[in-house]
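> Fold the following.
(3 chains)
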Amino acid sequence: MKVSFVRMAVAAAMVPAAVGMSGGALAQAKGKISGDVVKIGVLTDMSGVYSDLGGQGAVIAVQMAIDDFKAQHKPKFDIKMVYADHQNKADVGSNKVREWYDTEGVDMVTDVLNSGVALAVAKVTQEKKRVLMVVGAGSTRLTDQDCTPNTVHYAYDTYSLANVAGKAIVKNGGNTWYFLTADYAFGQSLEKDASDVIKANGGKILGSVRHPLNASDFSSYLLQAQASKAKIIGLANAGGDTINSIKVASEFGVTKSQSLAGLLMFITDIHSLGLQTTQGMLLTSGFYWDKDDETRKFSKRFFEKAKRMPTMVQAGDYSAVTTYLKAITAAGTDDAAEVMKKMKELPINDFFAKGGKIRVDGRMVHDMYLMQVKKPAESKYPWDYYTIKGVVAGNDAFQPLALSHCPLVKK
Amino acid sequence: MSRTAFGYLAAFLLLLAAPFALYPVLLMKVLCFALFACAFNLLLGYTGLLSFGHAAFFGVAAYIAGHALKVWGVPAPLGLLLGSAAAAALGWVIGSLAIRRQGIYFAMITLALAQMLYFVFVQMPFTGAEDGLQGVPRGSLFGLVDLDEDLNLYYFVLAVFIFGFWLIHRTIHSPFGQILKAIRENEARAVSLGYDVAKYKLLAFVISAGLAGLAGATKVLVFKFATLTDAHWNTSGEVVLMTLLGGMGTVLGPVVGASIIVLLQDELADKVGSLVTVIMGVIFVVCVLAFRRGIVGELRALHGRLTGNRR
Amino acid sequence: MSEIFGIPIQALMGQLMLGLVNGSFYAVLSLGLAVIFGMLNIINFAHGALYMTGAILAWVGLEHLGIGYWWSLLLVPPVVGLLGIVIERTMLRWLYRLDHLYGLLLTFGLALILEGFFRDQYGVSGLPYSIPEELSGAINLGFMFLPKYRVWVILVSLAVCFSTWYLIEKTRLGAYLRAATENPQLTQAFGINVPLMVTLTYGFGVALAGFAGVLAAPAMQVSPLMGSNLIIVVFAVVVIGGMGSILGSIVTGLMLGVIEGLAKVFYPEASATVVFVIMVVVLLVRPAGLFGKER
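Numbers count the residues shown, from 1 in each chain, chains lettered A, B, ... in the order given. All right, here's what the predicted structure looks like:
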C-alpha cells in the first residue's frame, strides 16, 4: 500500500514535536549549590478531598518561609518554589516529581498530602538522590518499613495520632470500637496503629469497613457501624471524607447512641462542620494557632494572606522549609546526603516545634497535643475551637526506635 | 528506495535522535500510548468495532507485568510477554461476551465489563488499590544493558514500539486484514460470502487486546508502577480520542493522535488544571462534527486532491 | 435484637432502604436514557454529566441566588432540559444520518466538557447541600431509623417514573412519540412535526436527569464526579433491562438497586460489581435484555 511521503514526514515530525523539554538534570555536587539556586517543590492536593488541609495554603506557607529566610539570613544562593497538584493520585504525583528532578533541578519536595503519593514519591526521591520532607501524609510506614535515607517525616504520623487521642478515648471508657477506614495507605495505617493501641489498653475491635477515598455516599458504611453497636466509631480517614462521615452519622441518628472519634482532624474540618456538631470530640494535633504568642504571630500573618487559620500541615510546611534552608546554609551545599546529615544533627526550635529533633529514621520527633473541641458557648472569637487537654512529649508520642522496622536503625 | 521506505527511514532516524533533544521519559510515554492507540485502531478503524473499555487490557497487562517484575523478579522482556499474554486472554473473554451484541450495545458492554474489572482491581490486594503497584524494578536487559538509565530504556521501548507497529502493519495488509475491512464495510455481505464473521471479530479483538497489553506493560517499565488510572474508563476514552483525532482507519493516525494528546496534556496540566478535560471534550466534539477523518485522514484526502489521485 | 441469616434486622432493613434509594436513581436515569434511545437511537453518555449539572445548579441556586430546594426541584429540570434542547439542535441533529456510534462519541465529549468545567470551578471534594428543613430528621421505627429525606426520594422518583410511563403509553402525545419512533417518515406524512418531537424528547430525557440531580444533592455529595461513576452502572442497568420498554427500565433499575443493597449486607466486597455480573449473565442467557426487543 502506497504511503505518501508527505504524510510520513508530518507524522515523523509529530512525535518529537512541539514542546521541547530540554535541559538535563541539574546534578548536585558536594560543596556547591547546584546552579546557585535552591528549588523547592510543593506537591499537594489543590482541588480534592484534602485541599483545605494543605493546597493553596501550603503554597502560601512555603512562600512565607522562603521570604522570611531570605530577609533574615540573606543567603548567598537564590531560593525558588514550584508547585503542583497531585490530585490524590500516586502516579500523577510520582511522575511530576520525577520530571521536576530530571528537568527542573528541584532539590527538595515538601507537603505531599496523601500517604499513597508520599510512598511513591519517597522511592523516586531515593532513586534521584534528593530530599523529601513529608508534612501532610500520615502513614507511619514512611519512617518504618518504607524509610529511606532521603525521607524526613515532619509533622505527625498515624502512630502518634493513635497513641495520643486513641489512648485517651479508650481510657475515658470508649472500649469497643468499629472502624470506618479510607481504603489506602493512610487509612490502613491509622486503623492498624489505632487497633494496636486500643487492644493494648484493654479495648475490643468489633469490626471495620473500608471505603474508597472521596466516597460519594457514606450512608451504607455508617449503617454497618451502627449495627455493630460499638461505643466508638473510629474514623480512619481525613479531610472531606471525615466531614461527610460525620454529617451522614447525624442524619441517621448514629450519634444518639454512639460516639464518633475523628482520628485525624484539622481545624478546617471543625470550621466546616461547626462546633454544634463536633463539640466534645477528642483529637491529636502537633500545632494549634492559638497555643502561645509565637504561634499566634505566625498564624495572624498567615491569615492575612489565606483568610483562614493555618492547619498543622500548613504550619508544618513553613517549619520544614525553614529547617531545610538552615541545614543547607550549615552544610554549604545542597547535596542530599550532606543536608540530611545536618538536618539530623541540628535541633529544631521554632513556633511549630520546641526541642524538635529529626531521628536517624527520618522521623521528626516533637511534642503532640491532646485537644478537645469546645462547646459553642465556650468559643469566644472566630477559630477559637480547641482546649488543650494535655501534652505528650515527643519521645512518648512517636514509635520508639526499638520497635522500628527501618533498616537505617542499627539495633 | 521507494518513497514509503524513505519516509519510514527518516522517521526512524528522527526517533533515534529524539531523546537528546527532548525529555526521554515523555517520549517513552508517547511511544507507549501510540502503540496503545494503534492496537485500538485495529479494532475501530479496521474492523469497525468501538470498544470503550480498552483500558482494561492496558491495565491488566500493567499489573501482571509489574507484579512479575517486582515479585517474581523476571527480566523485562518476559515481564512484557506475560503482561501481553494476560491482556490477550482477557481480550478473549471480554470479546466473546461483547460480540454477542452489535454496535452501541457492543460499546456499552465493553465499557461495563472494563468497569467491573476496575472494581475487581480495587479489591485485590496485589494491585495495591489506591496506592498502586509501586517500585517496579526495570532490571537489566540480558544482564548487559542497565535499563535504569532512561536513555537505554528509551531505545528498548522504541524497539518494542517498532515491533508492535510492524505487527499491526502486517496484520492490516494481510488477507486477514482485508476480511476485517470487509466486515467493517458491510458485515451482512461478508456473512453471505461465507466468512465466520464472529470468529474474525474475536481474533481481531484478541490481537488488539494483546498489543494494548504490550503498551501497558511497557508503560510500567517506564514509570516503575501500575495504578488504577491505567484501568480507568478515562484512559479508555483517551485512546478513543487519540485514534479519532489522528484518523481512524489509517496506519499512522493513532501515532499522530497519541503524540498530540500526550504532549498537550503534559504541557497544559500545570497551567490549566482541570480545563484539560474540557479541551479533550472539545476536541472530541469538533472531531465528531467536522473532522471525522482525523488529521491523517484529512491530509491524505488533501494529498489526493492535490495530486489528482483517487483514493 | 432479632436477626435474619445472622444479619441484624436493623442493618438489613437499612441497607434495603438505601438500595431502594439507589434503585430509584437508577430507574429515573435509565428511564431518561431509554426514552432518548427510543427516539434518537443515541446513547446519551452525557446523561451522567447532566445529572451532575442539575445537582450543581441546585447548589448554585442555594448558595448564590437564595433559591431553596423546593424551587430548585421545579426550576432546575427545565433549565437542564433547555440545555439539552440546545445540544440537540446545534450538535446532535447533524449525526442522525451517520453511524450511531458517533452520537455516543459526541455525548462522551460533552460529558468531558461539563465535568472538566465544573471540576475547574469547584474542585472534586464535594459541595455541601443541606437537607431541607421539612424533610430532615428520621422516623424511629424501633427496628430501624428511617431518614425522612430518603423516603421522600423513593416516593418522588416512583411518582415521576410512573407519570412518564403514563405520558408515553397512555396519552395522545405519547402515541405521537411512539409513532415517530416506529416510523418517522409516515408519521411526518401525517402532519406531525417529527423533528420537534425528537428535540422535545431529548430535552425531556435530559430534564429527568437534571431532576434526579436535584434529588441527589442533599443525599449524596454534590461533586463534579458524581455523574460519571453512576452513568456506567446505569448503562449496565439498561443493557440488563433492554431498551425496548419504559416499564422495563423502571423495574430493572429498582430491582438492581435492591440487589446491590442486599449485596452490601451479605457480601460487601462484591457490591460494586454485582450489577455487572448480572449483566454478564443476562448477556449469556437472554442477549436482548430482560424486557427488550432486539433492535
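> what's the helix or strand containing C:Val151 in contact with?
C:Val151 belongs to helix C:148-170 when assigned by DSSP states H and E. The contact list for helix C:148-170 (C-beta atoms under 8 Å, 6 or more residues apart in numbering or on different chains) reads A:219, A:251, C:17-18, C:20-21, C:24-25, C:27-28, C:31, C:35, C:131-132, C:135-139, C:173-174, C:177-178, C:208, C:211-212, C:215, C:218-219, C:246-247, C:250. Where C-beta positions appear, they are placed from N, C-alpha and C, glycine not excepted.
> ok, the nearest residue to A:Ala118 once chain neighbours are set aside to chain C distance?
Counting by C-beta to C-beta, 6 or more residues apart in numbering or on different chains, A:Ala118 lies nearest to A:Ala137, which is 3.7 Å off, once chain neighbours are set aside. Between A:Ala137 and chain C the computed distance is 17 Å (C-beta to the nearest C-beta, to the nearest Å).
> Read off the pLDDT value for A:Ala137.
For A:Ala137, the model assigns a pLDDT of 91.
> For it, what are phi and psi?
With angles defined as degrees, to the nearest 10, A:Ala137 sits at phi -80, psi 160.
> which residue is nearest the middle of chain A?
Chain A has A:Gly136 as the residue nearest its centroid, 1.1 Å off, counting by C-alpha atoms, centre = their mean.
> I'd guessed that one sits against A:Ser51; true?
No - using C-beta atoms under 8 Å, A:Gly136 is not in contact with A:Ser51; the gap is 10.9 Å.
> Now list whatever residues contact both of the two.
In terms of C-beta under 8 Å, 6+ apart, A:Gly136 and A:Ser51 are both contacted by the residues A:Thr44.
> Just the element for the residue in the stretch 1-150 of chain B that chain C sits nearest to, please.
Residue of the stretch 1-150 of chain B nearest chain C, by C-beta to the nearest C-beta: B:Met116 (3.5 Å). Assessed by DSSP H and E, B:Met116 sits inside helix B:103-123.
> Contact partners for the residue in the stretch 101-250 of chain C positioned nearest to chain A?
When distances are taken as C-beta to the nearest C-beta, the stretch 101-250 of chain C reaches nearest to chain A at C:Gly123, 3.5 Å away. Applying C-beta under 8 Å, 6+ apart to C:Gly123 gives the contacts A:46-48, A:51.
> Quick check, the residue of the stretch 1-150 of chain B closest to chain C in contact with C:Phe276.
Yes - counting by C-beta under 8 Å, B:Met116 does reach C:Phe276; the two are 3.5 Å apart.
> need the strands for chain B, in chain order.
Using DSSP state E, the strands found in chain B span residues B:140-141, B:145-146.
> Show me how far the last one is from its chain's centre.
The chain centroid and the centroid of strand B:145-146 are separated by 26 Å, computed with C-alpha atoms, centre = their mean, to the nearest Å.
> Averaged pLDDT, it. What do you get?
In this model, strand B:145-146 carries a mean pLDDT of 81.
> Quick check: can you name the pairing partners of it and their directions?
Here strand B:145-146 has these sheet partners by DSSP bridges: strand B:140-141 (antiparallel).
> ok now the partner strand, how far from the chain's centre?
On the basis of C-alpha atoms, centre = their mean, strand B:140-141 sits 24 Å off its chain's mean C-alpha point.
> Parallel or antiparallel, list what pairs with the host helix or strand of A:Lys389.
Secondary structure assignment for A:Lys389, by DSSP H and E: strand A:386-392. Paired strands of strand A:386-392, with direction, are strand A:368-373 (antiparallel) (DSSP bridges).
> hey, C-alpha coordinates of the strand it pairs with in PDB?
The C-alpha trace of strand A:368-373 is given here as PDB (Å, rounded to 0.1, in the frame of the first residue of the first chain):
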ATOM      1  CA  MET A 368       2.000  16.400  70.400                       C
ATOM      2  CA  TYR A 369      -1.100  17.800  72.000                       C
ATOM      3  CA  LEU A 370      -4.400  16.200  73.100                       C
ATOM      4  CA  MET A 371      -7.200  18.600  72.100                       C
ATOM      5  CA  GLN A 372     -10.800  18.800  72.800                       C
ATOM      6  CA  VAL A 373     -13.300  20.700  70.700                       C
END
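> can you list contacts of it?
Strand A:368-373 has contacts (C-beta under 8 Å, 6+ apart) with A:156, A:160, A:164-165, A:168, A:270, A:275, A:278-286, A:288, A:291, A:385-392, A:394, A:397.
> again, 6 Å this time
Surrounding strand A:368-373, the residues in contact under the criterion C-beta atoms under 6 Å, 6 or more residues apart in numbering or on different chains are A:160, A:164, A:168, A:270, A:278-279, A:281-286, A:385-392, A:397.
> That strand - what's its average pLDDT?
What strand A:368-373 shows for mean pLDDT is 92.
> now swap in stretch B:197-207 and tell me
Per-region confidence: stretch B:197-207 scores 93 on mean pLDDT.
> is it up against chain C anywhere?
No - judged by C-beta under 6 Å from any C-beta of the partner chain, stretch B:197-207 makes no contact with chain C; its nearest approach is 13.0 Å.
> which of the residues in that stretch are buried?
Within stretch B:197-207, the residues scored as buried using 16 or more other C-beta atoms under 10 Å in any protein chain shown are B:197, B:200-207.
> Most widely separated two among those?
Within the buried residues of stretch B:197-207, B:Val197 and B:Ile207 form the most distant pair, 15.9 Å apart (C-beta to C-beta).
> all strands in the stretch 1-150 of chain A, in order from the N-terminus.
In the stretch 1-150 of chain A, the segments counted as strands under DSSP state E, counting those that start in this stretch are A:37-44, A:78-85, A:108-111, A:131-134.
> A:His73: how many residues sit nearby?
Residues near A:His73, counting by other C-beta atoms under 10 Å in any protein chain shown, number 12.
> ignore the last one, C:Glu133
For C:Glu133, the count of nearby residues is 9 (other C-beta under 10 Å).
> now it: how far from C:Trp70?
11 Å (C-beta to C-beta, to the nearest Å).
> rewinding a little: make TSV out of the buried residues of stretch B:197-207 and add distance to B:Tyr23.
Formatted as TSV, the buried residues of stretch B:197-207 follow (distance: C-beta to C-beta, whole Å):
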residue	distance to B:Tyr23
B:Val197	45
B:Tyr200	41
B:Lys201	40
B:Leu202	40
B:Leu203	38
B:Ala204	35
B:Phe205	35
B:Val206	34
B:Ile207	32
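> name the helices or strands packed onto the host helix or strand of A:Thr242?
Taking DSSP H and E as the definition, A:Thr242 sits inside helix A:240-251. Contacts defined by 3 or more C-beta pairs under 6 Å, 6 or more residues apart in numbering or on different chains; DSSP states H and E place helix A:240-251 against helix A:219-228, strand A:259-262, helix A:267-273.
> Just list what the last one packs against, helices and strands only.
In terms of contact count using 3+ C-beta pairs under 6 Å, 6+ apart, helix A:267-273 is assigned the packing partners helix A:240-251.
> any idea of the angle the helix it packs on forms with helix A:219-228?
60 degrees (axes from the mean of the first three to the mean of the last three C-alpha atoms, to 10 degrees).
> Ramachandran coordinates for A:Ala306?
Dihedral angles of A:Ala306 (phi, psi; degrees, to the nearest 10) stand at phi -100, psi -10.
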